[in-house]
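*Asks:* below are the sequence and a predicted model; questions follow.
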Amino acid sequence: MAEPGTVGSGTVAPRLFLLVYEGSWTVEITINDNGDTRSIGLVGRLDTLTSPNLEETLKGSCEQWQNTVVDCKGLDYVSSAGLRVLLSGQKIASGAEHSLTLVNVSDDVREVFDITGFSRILSIE
């Protein structure tokens, strides 16, 4: 019998965190663990209101998981607060000799990374 929170193969079932602000979705954070990799999916906006929740999730992931992958497929917007959280995650992962990789970054979000120089600091695929 599988342990609570796991699927029959032992893989942890995806978890979903939803943040609501004034009746509209601002960001959706999903977490999926597989082997030595934790995937964090983002949908919506990463801004001053939503960054603190990602910061907590990303910090724990970068400290504990060999590989952290942030799927930005549904990420529409990143503010300076969001950039700070991603930079902090990168520093934590590097210090622990772990990796942090951003994937499926939209052209608009990539432009923010390029303009701010973060595309040279973060691992983006």
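*Replies:* Sure thing, it's come through. What you see is a predicted model, and the numbers here were worked out from it, not measured in a lab.
*Asks:* pull the number of nearby residues for Val78.
*Replies:* The local packing of Val78 (other CB atoms under 10 Å) involves 25 other residues. C-betas here are computed from N, CA, C, even on glycine.
*Asks:* all the helices of this structure, residue numbers only.
*Replies:* 51-64, 80-95, 107-116 (DSSP state H).
*Asks:* ok, which of the ones you listed comes nearest Leu122?
*Replies:* helix 80-95 (5.8 Å; CB to CB).
*Asks:* list the contacts of Leu58.
*Replies:* 40, 68, 70, 85-86, 88-89, 92, 100 (CB atoms under 8 Å, 6 or more residues apart in numbering).
*Asks:* okay, the helices of the chain in JSON lines with mean pLDDT and distance to Thr26 next?
*Replies:* Listed next are those as JSON lines, based on pLDDT from 0 to 100; distance: least, CB to CB, whole Å:
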{"stretch": "helix 51-64", "mean pLDDT": "92", "distance to Thr26": "10"}
{"stretch": "helix 80-95", "mean pLDDT": "96", "distance to Thr26": "11"}
{"stretch": "helix 107-116", "mean pLDDT": "95", "distance to Thr26": "15"}
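*Asks:* need the contacts of Leu58 in TSV with distance to Cys62 and neighbour count, can you?
*Replies:* TSV is the format used below for these (distance: CB to CB, whole Å; neighbours: other CB atoms under 10 Å):
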residue	distance to Cys62	neighbour count
Ile40	10	22
Thr68	5	25
Val70	10	27
Val85	11	23
Leu86	10	23
Ser88	9	15
Gly89	5	25
Ile92	4	18
Leu100	6	23
